[in-house]
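Student: Provided below are the primary sequence and the corresponding predicted coordinates.
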Number of protein chains: 2
Amino acid sequence: MTSTPPGSAAPPRRSGRGDRGAGTRAFIVDAAVSLIADRGFSATSVDDIAAEAGVAKGSIYYNFGSKTALFEAVIVEGVGRLTTALRAAAEGLEGRAAIEALVSELLDQVRTHPDFAKLMVAEIFRTGRDWQESIRLVREESMGIFADAVATSRPDLDPSLTAAAIFGATLVTGLEWLAFQPHRPAADVRQSVLATVLDAY
Amino acid sequence: MTSTPPGSAAPPRRSGRGDRGAGTRAFIVDAAVSLIADRGFSATSVDDIAAEAGVAKGSIYYNFGSKTALFEAVIVEGVGRLTTALRAAAEGLEGRAAIEALVSELLDQVRTHPDFAKLMVAEIFRTGRDWQESIRLVREESMGIFADAVATSRPDLDPSLTAAAIFGATLVTGLEWLAFQPHRPAADVRQSVLATVLDAY
DNA sequence: GTCTATACGTCGATAGAC
DNA sequence: GTCTATCGACGTATAGAC
């Protein structure tokens, strides 16, 4: 409602439309991420997603089978991109340097994919949900990469709890930045997190 | 479904029932917090809340007017308790000691009120919601207390971003603890967060 | 002040044409 | 493979008895 430009009855929702069957799945996934990040899963209707993606509701069910399956696809795709980026960033590094690289990369991922980041914080500690298994993978894989970096340099600390602390600090600061202080340069944010988190290494 | 003990068809949802009109609001709020923390706002029906609280649906609308208003009451009550506790903990302290006290107190609040903590992380970065104003207060008040402590001891760092980092580290670690490693003693968790966050002070 | 019954709207999912 | 039209289920909110 609020996002529909006045005066145009039915504005085209996506760029070109000669691409039947090509990027339909991608359009749907993108629309779902952005809507669900803002309103949550249950508050986002399949009709809304279809309208935002510029496809018919039937196409969503043809491609994904159910609303839940669509959301699981969203999570799987997002966590894949995130963990790949994190692993690449920490490649060959250890200890303090690894932590620094991971924090920087996670901040960059939050900046480039803010909707998925929001969705992650919102769902990561929920229990009674259908896609709990999928979201558990996000948690374990992402935090696990941080835990590995912690374990090699500070064996005196608990890896998983310390990883949670660094992960949480970075994620929350990144979202605070994007949602409420978007004018700030990325370097400021990076430095604030590292100054808080890195001095122990 | 999963939480209903087998063998008992319809277990009484609250302790005594001679208390008509006494703690009705409190029963409803408690039920709402615990259900919404797990399933989210939209996925939790007023019928579910009424059943869990042991009252009729009509009583909820009599006491709160709408589902949204009920949720706002939940937030207001929770943030009141949280900020009161945090302010008391930091009273008379400055710099490193203040941060240490705040982290400890926040961890304790997460432990004693885990459902509200979950609910907070889940909603804090959402935008397109009716209670956005209420949740903005949570954010600003809670993080503001941390920001004050940072500002007095480390004027070289940005207070709000650094506060977000400490707040995020504490909250995420606390929830990781409760949700996935509840067997750990509180002291371990406290030390993991402080070792990560406090060395800069 | 709390309960039961119900009106009204919305949502997930399906059927069938193209 | 994508569309439109429609069904059945469920959820919020209200009305009125007690």
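Tutor: Noted; the coordinates are in hand.

Student: for chain A, what helix or strand is lowest in average pLDDT?
Tutor: Across the helices and strands of chain A, mean confidence by mean pLDDT, DSSP states H and E is lowest for helix A:132-153: a mean of 91.

Student: which helices and strands sit right next to the helix or strand just after that helix?
Tutor: Once the chain leaves helix A:132-153, the next helix or strand it forms, by DSSP states H and E, is helix A:159-180. Applying 3 or more C-beta pairs under 8 Å, 6 or more residues apart in numbering or on different chains; DSSP states H and E, we find helix A:159-180 packed against helix A:95-112, helix A:114-123, helix A:132-153, helix A:186-197, helix B:159-180, helix B:186-197. Heads up, the C-betas are built off the backbone N, CA and C, glycines and all.

Student: mean confidence for the first one?
Tutor: Mean pLDDT, taken over the full extent of helix A:95-112, equals 96.

Student: that helix relative to helix A:159-180, how many degrees between them?
Tutor: Interaxial angle, helix A:95-112 versus helix A:159-180 (axes from the mean of the first three to the mean of the last three C-alpha atoms, to 10 degrees): 40 degrees.

Student: buried ones in helix A:95-112?
Tutor: Neighbour counts over helix A:95-112 (16 or more other C-beta atoms under 10 Å in any protein chain shown) mark A:98-107, A:109-110 as buried.

Student: that one near chain B at all?
Tutor: No: remark: helix A:95-112 sits outside contact range of chain B, by C-beta under 8 Å from any C-beta of the partner chain, the gap being at least 9.9 Å.

Student: and the longest helix seen in chain A, which residues are buried?
Tutor: Assignment by DSSP state H gives helix A:67-90 as the longest helix of chain A. Of all the residues in helix A:67-90, those buried under the rule 16+ other C-beta under 10 Å are A:67, A:70-75, A:77-79, A:82-83, A:85-86, A:89-90.

Student: of those residues, just say which sits nearest to A:Ala169.
Tutor: Using C-beta to C-beta, A:Leu86 comes nearest to A:Ala169 of those, at 15.3 Å.

Student: neighbours of A:Gly174, how many?
Tutor: 29 (other C-beta atoms under 10 Å in any protein chain shown).

Student: list the contacts of the closest residue to it other than its chain neighbours.
Tutor: Leaving aside its chain neighbours, A:Gly174 sits nearest to A:Val110 (3.5 Å; criterion: C-beta to C-beta, 6 or more residues apart in numbering or on different chains). By C-beta atoms under 8 Å, 6 or more residues apart in numbering or on different chains, the residues touching A:Val110 are A:117, A:170-171, A:174-175, A:177-178.

Student: tell me the one among those nearest to B:Gly23.
Tutor: Closest to B:Gly23, out of all of those and judged by C-beta to C-beta, is A:Leu175, at 36.7 Å.

Student: leaving out sequence neighbours, find the closest residue to the closest one.
Tutor: B:Phe125 (4.8 Å).

Student: now A:Arg87
Tutor: Excluding its sequence neighbours, the residue lying closest to A:Arg87 (C-beta to C-beta, 6+ apart) is A:Ile145, at 6.2 Å.

Student: isn't the one you found right next to A:Leu102, touching?
Tutor: Yes: with contact defined as C-beta atoms under 8 Å, A:Ile145 reaches A:Leu102; the gap is 6.7 Å.

Student: what touches both of these two?
Tutor: Counting by C-beta under 8 Å, 6+ apart, the contacts common to A:Ile145 and A:Leu102 are A:86, A:90.

Student: right, is stretch A:121-128 up against DNA strand D?
Tutor: No: judged by C-beta under 7 Å from any atom of the strand, stretch A:121-128 stays clear of DNA strand D, getting no closer than 13.3 Å.

Student: okay, buried residues for that stretch please.
Tutor: A:121-126.

Student: with respect to B:Arg39, which of these is nearest?
Tutor: Closest approach to B:Arg39 among the buried residues of stretch A:121-128 (C-beta to C-beta): A:Arg126, at 7.4 Å.

Student: secondary structure element for the closest residue to the closest one other than its chain neighbours?
Tutor: Among residues not flanking A:Arg126 along the chain, B:Asp38 sits closest, at 6.3 Å (C-beta to C-beta, 6+ apart). Using DSSP H and E, B:Asp38 maps to helix B:24-39.

Student: any idea how far A:Tyr61 is from DNA strand C?
Tutor: Computed as C-beta to the nearest atom of the strand, to the nearest Å, the A:Tyr61 to DNA strand C distance reads 4 Å.

Student: so where's chain A uncertain?
Tutor: Residue ranges of chain A with pLDDT under 70: A:1-22, A:200-201.

Student: identify the residues contacting whichever residue of it sits closest to DNA strand D.
Tutor: Nearest residue of chain A to DNA strand D: A:Gly58, at 2.5 Å (C-beta to the nearest atom of the strand). Contacts for A:Gly58 were tallied using C-beta under 8 Å, 6+ apart; there are none.

Student: the same query, at a cut-off of 10 Å, please.
Tutor: Contact analysis of A:Gly58 by C-beta atoms under 10 Å, 6 or more residues apart in numbering or on different chains lists A:Ala50.

Student: try A:Val121
Tutor: Contacts of A:Val121 (C-beta under 10 Å, 6+ apart): A:37, A:110, A:168, A:171-172, A:174-175, B:121-126, B:168, B:171-172.

Student: out of the helices and strands packed on helix A:159-180, deepest packed?
Tutor: Among the helices and strands packed on helix A:159-180, the stretch with the highest mean neighbour count (mean count of other C-beta atoms under 10 Å in any protein chain shown) is helix B:159-180, at a mean of 26.

Student: if we can go back for a sec, in what helix or strand does the residue of chain A closest to DNA strand D lie?
Tutor: Using DSSP H and E, the element containing A:Gly58 is helix A:57-64.

Student: relative orientation of that helix and helix A:24-39 in degrees?
Tutor: Interaxial angle, helix A:57-64 versus helix A:24-39 (the same axes, to 10 degrees): 100 degrees.

Student: tell me the angle of helix A:57-64 relative to helix A:67-90?
Tutor: On the basis of the same axes, to 10 degrees, helix A:57-64 is oriented at 60 degrees to helix A:67-90.
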